[in-house]
Each structure stands twice: as C-alpha cells, then as structure tokens.
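Asker: Model the following, please.
(chains A, B, C and D)
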2 protein chains.
Amino acid sequence: MASRSADPKDSRESKNGGGPQLDAVSLAIIEQLQEDGRRPYAAIGKAVGLSEAAVRQRVQKLLDQGVMQIVAVTDPLTVGFRRQAMVGVNVEGDVESVADALAAMAECEYVVMTAGSFDLMVEIVCEDDDHLLEVINKRIRAVPGVRSTESFVYLKLKKQTYMWGTR
Amino acid sequence: MASRSADPKDSRESKNGGGPQLDAVSLAIIEQLQEDGRRPYAAIGKAVGLSEAAVRQRVQKLLDQGVMQIVAVTDPLTVGFRRQAMVGVNVEGDVESVADALAAMAECEYVVMTAGSFDLMVEIVCEDDDHLLEVINKRIRAVPGVRSTESFVYLKLKKQTYMWGTR
DNA sequence: CCCGCATCTGCGAAATCCGCAAGACAGGCC
DNA sequence: GGCCTGTCTTGCGGATTTCGCAGATGCGGG
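Answerer: Purely as a prediction, here's the structure:
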C-alpha cells in the first residue's frame, strides 16, 4: 500500500512513530497542494506525471492515512484573536500528563514537550489581554504539576509557513 | 466592505495590523473550509445560507486579502523532518532586521517578535541533528545583531490545531 | 505457472467551477 | 428627498472537474 512498487526513486527508512513512508511522487503531490489546496487533480497529474485518477486515489489515501489534511488556515488577528503568547512551562512530576491537560484547553493552539530549560512550550491564542491573563495565571498555573511558567507575548508575527517538504 | 459581527453593517473596530473585519457569514464559511478545504461551494452555501456564487466570491476575496489560505498541512515526521526546535534569540540593535534575516531561511518555519526574556522566537524544522546543529550554530548565530540564542529541541508534539476562529 | 494484491489508465455521467450580466441594498453627497 | 456609487447577491450557460467503474499492468507468493 505504501509505495515501493511503482517507481522506487526514493527510499528513506526510519520508521518513526507516525506512519507510512512517502515516495517522490507523493511528495510532489503534497507540494502542489501546499501551494494551492484546491488545485485540480488533472493539473497536479500533469505536474507530477500521473493520470488524474491516480492523483485522486493517492490524495484520498494520504488524507485517510492522516499524512496530510487540506484545510483553511487563517491569520488569528483578522478573526478576532488579538493576543498571542508563547509560554514556557516547568513541570514537577509527569510531564506528559501536564501536556495532555494543557492540550485539552481550547486556547492552547500548540503544545510540545521540549529538552532545555523548559519542559513544555505552549502557544496561546486569546481574544484580549484579560483573556490571556486568565489563561496563563488561572488555568495553566492551576494544572497540577506545573512548577513555573514564563510568558513571551507576541509583538509581531514575521513568518508563518506551511511548506514542510517543499524545499 | 465587511462588517464585523452578528449583523450586516456596523462600523469599525480597531484596525489591527492585518486587515478587514469578518462578519458571521464569512466566519461560517471559514469554519466549513477548516473542516474540509475542498468542500464544494454549493455545499458551503447550503450550510451558511448563501448562493453558490456568493460563497465563491467571498472565498476568493478572503484568499486575495490574505485572511485565509487553503493548503495541505502535513506531519513533519512523515515527510522526512525528524528534528525540530524552538529557538529563543536575543538581539542587539534593530530586532526587525534580524527577524527578516531569519525569516528568509527555509528552515525557519515560524518567526515572531516577542516581549519577555527573548526578543525573537523561531521554530526550526530540520532533517536530522547535523542539519539542526548547522542551522543554529552556523547560520542563525552568524546573523549580524544576534547576541545569543537558547534552543529547545522538540521531544514530542502533543497538539497542533488550525481551528482559529472555530471556538 | 497461476493467483492475489496494489496501482495506474481511460472513459462516460454527474456535479462543480467560473465568468457574465442584471437586480437588490445601504451609505454618502448635493 | 433624490440620486449616485460601490458592494453584495442571484441566476444562468458552458467549460472544467470530479467521481465511479472496468480493464490493463507490474510484482511477489504459493
């Protein structure tokens, strides 16, 4: 199912925790859809050297497998979220359970466990200062196991891309 | 052009750095496209109570204005990027010019100016450890104005959503 | 050798996308 | 008030795209 039969011009191994491997053709399809998520299958097929139906099947499989998703992404500012912050968190005890608790909060857009002087980094998206203050001081610090937090309020977003795999 | 909340026209609100305001209908359209970026315009129109052509025009305008984009997003691990890190940067001199220089690097997925003990936070996406090491120690620290950096290597990504505006 | 499995291709039918022109509506101006 | 203007909305036809299905091809196992 993965690839390997048609045209093995690529071979990376490393079964990481996620899923199946991708061949060069699927990579090329993903690149096309990263430029425009609504690009027609026929146009993609022309670009990657495959028939329209084949592209359709591959895209469907990539979606089913969860390798990629085609979605609208927005600028938080224009949809009413005017305060964002990155919060570094230090934990005592089980880091992962704290991470799960934070991930359950709607305002936490992004939660990652890290190595370094923070155990967790969390991106918060809020409507205004009051909302941000409440989330950081009342909700995050109330989670059992949270030892301390340090906040970095966003002043200006300079770059934000979704071009993984495009280089 | 657009207004901002429940009903047709009211006037302005703080013009933030981004752009125009969105009314409830555009919000609903965005929600539809956040569930499935390829959903047909007619289906969206039925869901939000608008004609197909009207939905098409609004979507096109939202795209042209940069309010949203419809793209494929992938799990970095499955497309071959196995090392990620958040890097906090301290700057002497003009912060914005340093931010621009970092934003120009392909490996920098995310660049934001912040208030707090870092002037900039940068998310790096790399293929392996060697690549990550090179980007941080050779490229970022070589940018004029970079005083110091602190790295937080990703151990496990716990949450990553694209649901802005959906709450 | 034969068979199962997976993918790719080609083709028609149905649905969708896209441009165009006309009607509806609110706001600004004299 | 009356008028104008810009925007939004609607409806419609043609080109394009999507979708399902059947057949062809390649590969590995029994």
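Asker: In the sheet, which residues pair with the residue positioned nearest the centre of chain A? Tell me.
Answerer: In chain A, the C-alpha nearest the mean C-alpha coordinate belongs to A:Tyr110, at 7.9 Å (Cα atoms, centre = their mean). Listed beta-bridge partners, A:Tyr110: A:Glu123, B:Gln160 (assigned using DSSP bridges).
Asker: residues near the nearest residue to A:Glu107 once chain neighbours are set aside, how many?
Answerer: If the residues on either side of it in the chain are set aside, A:Glu107 comes closest to A:Val135, at 4.9 Å by Cβ to Cβ, 6 or more residues apart in numbering or on different chains. The C-beta positions use only the backbone N, C-alpha and C, and glycine is treated the same way. Other residues lying near A:Val135 total 22 when counted by other Cβ atoms under 10 Å in any protein chain shown.
Asker: for A:Val135, helix, strand, or coil?
Answerer: A:Val135 falls in the helix class when you classify it by DSSP: H, G, I helix; E, B strand; the rest coil.
Asker: Contact partners for it?
Answerer: In this structure, A:Val135 makes contact with A:105, A:107, A:124, A:126, judged by Cβ atoms under 8 Å, 6 or more residues apart in numbering or on different chains.
Asker: Equivalent analysis for A:Cys126, please.
Answerer: For A:Cys126, the set of contacting residues under the criterion of Cβ under 8 Å, 6+ apart consists of A:81-85, A:107, A:132, A:135.
Asker: State the pLDDT value of it.
Answerer: The score at A:Cys126 is 93. That number is its pLDDT.
Asker: Can you tell me what sits against stretch A:85-105?
Answerer: A:108, A:111, A:113, A:117-124, A:126, A:132, A:135-136, A:139-140, A:143-154, B:86, B:112, B:114, B:121, B:152, B:156, B:158-159.
Asker: Buried residues, the longest helix anywhere in chain A. List them.
Answerer: Looking across chain A with DSSP state H, the single longest helix is helix A:52-65. Applying a neighbour-count criterion of 16 or more other Cβ atoms under 10 Å in any protein chain shown, one finds A:54-55, A:58-59, A:62 buried in helix A:52-65.
Asker: Now distance to chain B and pLDDT too, for those, in CSV please.
Answerer: CSV is the format used below for the buried residues of helix A:52-65 (distance: Cβ to the nearest Cβ, whole Å; pLDDT from 0 to 100):
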residue, distance to chain B, pLDDT
A:Ala54, 17, 96
A:Val55, 13, 97
A:Arg58, 12, 96
A:Val59, 9, 96
A:Leu62, 8, 93
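Asker: How about the contacts made by the closest residue to A:Leu155 other than its chain neighbours?
Answerer: Computed as Cβ to Cβ, 6+ apart, the closest residue to A:Leu155 that is not its neighbour in sequence is B:Met113, at 4.4 Å. Contact analysis of B:Met113 by Cβ under 8 Å, 6+ apart lists A:154-158, B:95-96, B:99, B:119-120.
Asker: go again using 10 Å as the cut-off
Answerer: Listed by Cβ atoms under 10 Å, 6 or more residues apart in numbering or on different chains, the contact partners of B:Met113 are A:152-158, B:89, B:91, B:95-96, B:98-99, B:119-121.
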